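Chemist: pasting the sequence and the predicted coordinates here, then a few questions.
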Number of protein chains: 2
Amino acid sequence: MTDTLPPETDAQENRPYHHGDLRRALIEAARTIVVRDGAQALSLRGVAREAGVSPAAPYHHFKDKQELVLAVGKLGFEELGEVMAAEIHRVGGTVAERITAIGVAYVLFARDNPALYRLMYDCSRNMEALPPEMHEKEHSAYAIVRNAMIEAGRASPDSEIDVELATIAAWCSAHGIAEMGGFAQFAPLKEALGGELNFYRELLRRTGNFQAR
Amino acid sequence: MTDTLPPETDAQENRPYHHGDLRRALIEAARTIVVRDGAQALSLRGVAREAGVSPAAPYHHFKDKQELVLAVGKLGFEELGEVMAAEIHRVGGTVAERITAIGVAYVLFARDNPALYRLMYDCSRNMEALPPEMHEKEHSAYAIVRNAMIEAGRASPDSEIDVELATIAAWCSAHGIAEMGGFAQFAPLKEALGGELNFYRELLRRTGNFQAR
DNA sequence: AAGATCATCTTGACAGCGTTCAGATGAATT
DNA sequence: AATTCATCTGAACGCTGTCAAGATGATCTT
């Protein structure tokens, strides 16, 4: 066979020397540990172990443990945006159906990845590195919610303040439900409502921010 | 002077032997550290240091670091309940004014004690030890919100499910605003609205759960 | 009042953590 | 082929949570 080295098709400028792509490997190892064992079980040494490198190796790609955590959070926000965009596309339908689907998708993402979601929140709280990026990309989670607010008539596109407030209010509602909805004490209520999904839909309905106007 | 030992008036059964009341001292030292330096700066050894005892001393009062953190969270919920009750009493006025005041008080508590609030949330999430207590006491934060929902006509007292849903929906809204409202990126928006308080009031209004019906 | 009991606190130790630094490795450049 | 330099390793530091063994002294028993 002819010399078939690693693809080298793209991202050549980011590929480090010794490992294939240690930076990416570390981020994914960290994500795996967070999802599997929780955020408090995330140690830099453990991540290095999982990636098969020495404890000091990560310091050539991240100045801090915090910086690695930030990268994991950023990855999480990208995933969240993708999930929401995919759900909008899947649902199609009316504006009212789509905006509700966005809220549900947000909350379900948090339900499915509670530790990752929590870590993502910590990232956006502790650093100002993330927020600008949230606004940047067209398909970011923030942009999706923002566009939905306008589309659903919950904010006048003429007033930037109105749009921002509507987006933030919706985001806060979703955040509250996303974080608290998983409490064990709500289990009987979920059952009484005929399932978890009805529970989340009902809470979203009562806050009213993911309803078309 | 006649033998004037410590008062011994009350709480005699809880007072330990050597220290005055090490358990309480540790909880308050931990609370101080969390409020002052943040939750990630909270170490059991640091708490012991602050209380002037050896690193192993806390293990005679808490089986875990986690158990101490839980006690701090419980204290926080008590404080929150007191603040909300005091605010209701202070405002008086109509039902509409009072229910809004509850939401504002909740959010401001989180603004003033962000690290403590975050820790409280972690407690109520990670353990089932706290939730039952939230329902128990008449003046607990949960009971206050619950009563307010009934009083404000946001839930029919005949339907337990309706009351619970209204309470949870309101709590989720307040939680979302409480945690996200402090983001640095919202500073310009706060200014545009003429102050932080207006910002919080507007978000509470848009979620609608702290409005009388 | 004297002795026994037992909760409380200290001392010392262990593994694991984040982080740093000097040196080894090997891909890229000259 | 020699050099450069990003990358990785090994060893070390002080910190952490936790535990076991011993000292302390308040309370209980007699």
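Modeler: Perfect, I can see it now.
Chemist: A:Glu151 contacts A:Val95, doesn't it?
Modeler: Yes. With contact taken as CB atoms under 8 Å, A:Glu151 and A:Val95 are classed as touching, separated by 5.5 Å. No exception for glycine: its C-beta is placed from N, CA and C like everyone else's.
Chemist: got the phi and psi for A:Gly195?
Modeler: In this entry, A:Gly195 is assigned phi and psi values of phi 120, psi 150 (degrees, to the nearest 10).
Chemist: distance of it relative to B:Thr167?
Modeler: Separation of A:Gly195 from B:Thr167 (CB to CB, to the nearest Å): 20 Å.
Chemist: neighbour-wise, which of those two wins?
Modeler: A count of neighbours by other CB atoms under 10 Å in any protein chain shown puts B:Thr167 above the other of A:Gly195 and B:Thr167, at 22 against 11.
Chemist: from the chain's centroid, how far away is whichever helix or strand the more buried one is part of?
Modeler: B:Thr167 is located in helix B:160-180, with elements delineated by DSSP states H and E. Offset of helix B:160-180 from its chain centre (CA atoms, centre = their mean, to the nearest Å): 15 Å.
Chemist: after it, which helix or strand is next?
Modeler: The first helix or strand that comes after helix B:160-180 along the chain, using DSSP H and E, is helix B:187-192.
Chemist: list the buried residues for that next one?
Modeler: B:Leu189, B:Lys190 (16 or more other CB atoms under 10 Å in any protein chain shown).
Chemist: now do the same end-to-end measure for stretch A:120-140.
Modeler: Length of stretch A:120-140, first residue to last, CA to CA, to the nearest Å: 14 Å.
Chemist: can you give me the mean pLDDT across it?
Modeler: The average pLDDT for stretch A:120-140 rounds to 70.
Chemist: with stretch A:168-183 instead?
Modeler: 96.
Chemist: show me which residues of that stretch are buried.
Modeler: Of the residues in stretch A:168-183, those buried by neighbour count under the rule 16+ other CB under 10 Å are A:168-182.
Chemist: using CSV, write out the CA atom coordinates for it.
Modeler: Backbone C-alpha positions of stretch A:168-183 (Å, rounded to 0.1, in the frame of the first residue of the first chain) are rendered in CSV as follows:
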residue,chain,number,x,y,z
ILE,A,168,-32.7,37.1,28.5
ALA,A,169,-36.1,36.5,30.2
ALA,A,170,-36.6,33.4,28.1
TRP,A,171,-33.1,32.2,28.8
CYS,A,172,-33.5,32.7,32.6
SER,A,173,-36.8,30.8,32.6
ALA,A,174,-35.2,27.9,30.7
HIS,A,175,-32.2,28.0,32.9
GLY,A,176,-34.3,27.8,36.1
ILE,A,177,-36.3,24.9,34.8
ALA,A,178,-33.2,23.2,33.4
GLU,A,179,-31.4,23.2,36.7
MET,A,180,-34.3,22.6,39.1
GLY,A,181,-36.4,20.3,37.0
GLY,A,182,-34.2,17.3,37.8
PHE,A,183,-34.7,17.5,41.5
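Chemist: close to chain A, is the helix holding B:Thr167?
Modeler: Yes. Contact between helix B:160-180 and chain A is present through B:161, B:164-166, B:168-169, B:171-177, B:179-180 (criterion: CB under 8 Å from any CB of the partner chain).
Chemist: need the helices for chain A, in chain order.
Modeler: According to DSSP state H, chain A carries its helices in the segments A:22-37, A:44-51, A:65-91, A:95-112, A:114-126, A:131-136, A:141-151, A:160-180, A:187-192, A:196-207.
Chemist: how far is the longest one from where the chain is centred?
Modeler: Think helix A:65-91. Relative to where its chain is centred, helix A:65-91 has its mean C-alpha point 4 Å off (CA atoms, centre = their mean).
Chemist: got the residues of chain A near DNA strand C?
Modeler: On the criterion CB under 7 Å from any atom of the strand, DNA strand C has as its neighbours in chain A the residues A:17-18, A:42-46, A:55-56, A:59, A:63-66.
Chemist: from the residues you listed, which is closest to B:Asn126?
Modeler: Distances from those to B:Asn126 were compared by CB to CB; the smallest belongs to A:Leu42, at 15.7 Å.
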